[in-house]
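A.B. asks: give me a model of this one.
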Amino acid sequence: MVANMGRLHIQASNFNCAVTTFLDVIKHQQKSEDKLQLSTTLHNIGSCYLEIGDIRNAILLLKDASDIGKAILGYGNIAVADTMYTLARAYSVSSNADDSIPLLQNALKVRMNTYGLDSIQVLHTLHAMGDTLI
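C.D. replies: Okay, here's the model as predicted:
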């Protein structure tokens, strides 16, 4: 229920409130066996930090979310690819193309396989690659 409030804050672009809400959620999830849910919450917090410009914390949390997701679901999972895409955006904002491009390449591969070549997700990934390389 509280996690739903965090998502509502994101939809309202109230990222600071979303972070506060998700940090409350994560306290309980860290004690739980459900590491996939923890990964999702870490992704959500990291995305919020990216939106408010706290790139350092965004990278730390998105990297943790990605690592947990890859361990549970594997590299080919769309949720993992979405986290890699968001992590790549954070690296790109910090002018770290060396770490960003491989993540975007993996996200592109998974998104193409999942959604097809003419999907908006593939377009966003290609756009992010272009922005990173410029």
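
A.B. asks: contact partners of stretch 27-44?
C.D. replies: 3, 6-7, 10, 18, 22, 25-26, 61-62, 64-65, 68-69, 71-73, 79, 82-83, 86 (Cβ atoms under 8 Å, 6 or more residues apart in numbering). Yep, even glycine has a C-beta here, placed from its N, CA and C like the rest.

A.B. asks: inside helices: which ones of those?
C.D. replies: Under the assignment DSSP state H, the contacts of stretch 27-44 contribute 3, 6-7, 10, 18, 22, 25-26, 61-62, 64-65, 68-69, 71-73, 79, 82-83, 86 to helices.

A.B. asks: low-confidence ranges, this protein, go.
C.D. replies: Flagging of the chain using pLDDT under 70 yields the residue ranges 1-2.

A.B. asks: list the contacts for the residue minimising distance to the centre of the chain?
C.D. replies: The residue lying closest to the centre of the chain (Cα atoms, centre = their mean) is residue 83, at 3.2 Å. Residues near residue 83 by Cβ under 8 Å, 6+ apart: 39, 43, 62, 65-66, 69.

A.B. asks: sounds good, over and out.
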